[in-house]
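Novice: Attaching a predicted model along with its sequence, questions to come.
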Amino acid sequence: MRPQMTAFLLSALVFPGLGQLYKQQRRKGVLLVLAANFLLALVVLLGAILVSEEYTTVFYPRPLTWEMGRLLLLDTVRHPLFWLPCGLLLALWGYAAVDAALQAQPRANLEP
């Protein structure tokens, strides 16, 4: 398999920045992995905050059921504040995949 294809698949399907690390672009790969981890943690944290806020304001005295969980999840996903870090994460993921596929292989690793 060509190195560009392998790098693209690593960044597109596994995690952003792994393709850059595979191609030995360490600085860019580490920065992309750290940025993606930060945005992923922000998405999870913001989702948990929105779910707990919605639960306490609307459903609190009653126990949580599957139907309430479904409604909470839909309300969280529809919240515009949830989509800001989620959109940034998706944009970063797309950039990492395209960058891994388009960047030239380092000179030291080229085959004769």
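Specialist: Done, it's in. Numbering: from 1, shown residues only.

Novice: Look at Val43 and say how many residues are nearby.
Specialist: Val43 is flanked by 18 other residues according to other Cβ atoms under 10 Å. C-beta: built from backbone N, CA, C; applies to glycine.

Novice: check which helix or strand covers it.
Specialist: Per DSSP states H and E: Val43 is located in helix 26-54.

Novice: which of the residues in whichever helix or strand comes after that helix are buried?
Specialist: Going down the chain from helix 26-54, the next helix or strand is helix 66-78, by DSSP H and E. Buried residues in helix 66-78, counted by 16 or more other Cβ atoms under 10 Å: 72, 75-76.

Novice: quick one: helix 66-78 to chain centroid distance?
Specialist: 21 Å (Cα atoms, centre = their mean, to the nearest Å).

Novice: quick one, the following helix or strand past that helix and helix 66-78 angle?
Specialist: Reading on from helix 66-78 to the C-terminus, the next helix or strand found by DSSP H and E is helix 80-102. If you take axes from the mean of the first three to the mean of the last three Cα atoms, to 10 degrees, helix 80-102 sits at 70 degrees to helix 66-78.

Novice: for helix 80-102, packing partners?
Specialist: helix 3-9, helix 18-22, helix 26-54 (3 or more Cβ pairs under 8 Å, 6 or more residues apart in numbering; DSSP states H and E).
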